[in-house]
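Peer 1: After the sequence you'll find the predicted model.
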Amino acid sequence: MHVFFKLASVLLLIYIAYCGMLFILQRQVLFPRYMIENTPQENAPAPGFEPAFLQTGSGKVELWYMPPVSILSGKPSAVVIFAHGNGELIDFWPEELRNFTKLGVGVLLVEYPGYGRSEGSPSQKSITDAFVSAYDFITAKKEVDPSRIILLGRSVGGGAVCALAKKRPSAALILMSTFTSVKSFAPKYFVPGFLMRDPFDNLEAVRTYSGPVLIIHGEHDEIIPFSHGITLSKAARNSKMIAYACGLYDCPPDPHIFWRDVEYFLKQSGII
């Protein structure tokens, strides 16, 4: 019996040490910004983008804004606020998102604190603060219609826009390959959920969101299981779910079908 308790005590100490290590290192796993290759050192936005830096509580954060190709009848335009995945930069997305401008929708790319040329360190709080500041910046422009703001997030970016949706009003929410919450992954690492420092409770955000929600998820996603997309879609009050035969890194598999689906959603929602 003495040997049993001694062994149990050793295992408990090992487990506590493991939990402590995960608690300390989890942000390096959730935000692997140091693993991104060829991080640009100079501010060099893509052609047609208007760069800006906003002062936030964690330092200066970079934004790129691309106006729509044409503004119909001189009226203020809708704008997409985009949040990328955890292993990406805003530099990777201009050409992918340029189609929005052809639909008469502007695009605002917001860099995470500590990523690219932005200062600070990433966390749920610092990212939320950055996106709230970016929202206030873009809606203050006279050529932007604040009643037609679209929030679009991919992977961990879904957490960023869901957090923003709880702070500021928007016309629609689009989540691509997004998880229900960071806490939902805790059992995978054999730790209690309360140790997750950046919970990003997206499930709670979509439950309380009053506007239309579009959920896009790959059926073969091995990183963020397809079941997360289904759960988010069922929780939303007004949702549409689109499933593609792909994983996380090749979603969407066909850009033409993707843009057709997005355009249809925005038209059905009365945004364009």
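Peer 2: Thanks, I have the structure now. Residues are numbered from 1 along each chain as shown.
Peer 1: Just the C-alphas of stretch 27-38, formatted as CSV.
Peer 2: Taking Å, rounded to 0.1, in the frame of the first residue of the first chain, the C-alpha atoms of stretch 27-38 are listed here in CSV:
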residue,chain,number,x,y,z
ARG,A,27,0.2,30.3,-26.5
GLN,A,28,3.2,29.2,-28.5
VAL,A,29,1.0,26.3,-29.8
LEU,A,30,-2.1,28.4,-30.4
PHE,A,31,-0.2,31.3,-31.9
PRO,A,32,2.9,29.9,-33.7
ARG,A,33,4.0,33.2,-35.2
TYR,A,34,7.7,32.4,-34.9
MET,A,35,7.2,29.5,-37.3
ILE,A,36,6.0,31.6,-40.1
GLU,A,37,8.7,31.8,-42.8
ASN,A,38,9.7,34.9,-44.7
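Peer 1: and residue 125, what pLDDT?
Peer 2: We have a pLDDT of 97 for residue 125.
Peer 1: how about it, secondary structure?
Peer 2: Under DSSP: H, G, I helix; E, B strand; the rest coil, residue 125 falls in the helix class.
Peer 1: Next, count neighbours for it.
Peer 2: Residue 125 is flanked by 14 other residues according to other C-beta atoms under 10 Å. C-beta here means a position set from N, CA and C on the backbone, and glycine is covered the same way.
Peer 1: List the residues that contact it.
Peer 2: If you count contacts by C-beta atoms under 8 Å, 6 or more residues apart in numbering, residue 125 has none.
Peer 1: same question, residue 60
Peer 2: 53, 54, 118, 119.
Peer 1: Test for you: state the pLDDT assigned to residue 20.
Peer 2: Per-residue pLDDT puts residue 20 at 88.
Peer 1: same thing with residue 43?
Peer 2: 52.
Peer 1: from here on, count from 140
Peer 2: Noted, 140 is the first residue going forward, which turns the last one into residue 182.
Peer 1: Buried ones from the contacts of residue 199, can you make that a PyMOL selection?
Peer 2: Filtering the contacts of residue 199 down to the buried ones (16 or more other C-beta atoms under 10 Å) takes a single PyMOL command:
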select buried, resi 193+257+258
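Peer 1: Out of the contacts of residue 199, list just those in strands.
Peer 2: Using DSSP state E, the members of the contacts of residue 199 that fall within strands are 192, 193.
Peer 1: what two of the contacts of residue 199 are the furthest from one another?
Peer 2: Using C-beta to C-beta, the two most remote members of these are 193 and 258, lying 10.7 Å apart.
Peer 1: In a markdown table, list the contacts of residue 199 along with distance to residue 207 and pLDDT.
Peer 2: Shown next, in a markdown table, are the contacts of residue 199 (distance: C-beta to C-beta, whole Å; pLDDT from 0 to 100):
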| residue | distance to residue 207 | pLDDT |
| --- | --- | --- |
| 192 | 23 | 95 |
| 193 | 22 | 96 |
| 257 | 25 | 95 |
| 258 | 30 | 96 |
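Peer 1: mind giving me a markdown table with the contacts of residue 199 and columns for distance to residue 279?
Peer 2: Converted to a markdown table, the contacts of residue 199 look like this (distance: C-beta to C-beta, whole Å):
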| residue | distance to residue 279 |
| --- | --- |
| 192 | 16 |
| 193 | 11 |
| 257 | 20 |
| 258 | 22 |
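Peer 1: Out of the contacts of residue 199, which is nearest to residue 394?
Peer 2: Residue 394 lies nearest to residue 257 out of those, by C-beta to C-beta, at 27.7 Å.
Peer 1: Nearest the middle, which residue of the protein would you pick?
Peer 2: Geometric centre of the chain, nearest residue: residue 296, 1.1 Å, by C-alpha atoms, centre = their mean.
Peer 1: which residue packs closest to it, ignoring adjacent ones?
Peer 2: residue 222 (3.1 Å; C-beta to C-beta, 6 or more residues apart in numbering).
Peer 1: for the one you found, what are its contacts?
Peer 2: Residues counted as contacts of residue 222 (C-beta under 8 Å, 6+ apart) are 249, 270, 290, 291, 292, 293, 295, 296, 297, 299, 300.
Peer 1: for residue 208, same thing?
Peer 2: With contact taken as C-beta under 8 Å, 6+ apart, residue 208 is in contact with 240, 241, 243.
Peer 1: so what sits against both of residue 193 and residue 258?
Peer 2: By the contact definition C-beta under 8 Å, 6+ apart, residue 193 and residue 258 are jointly contacted by 199, 200.
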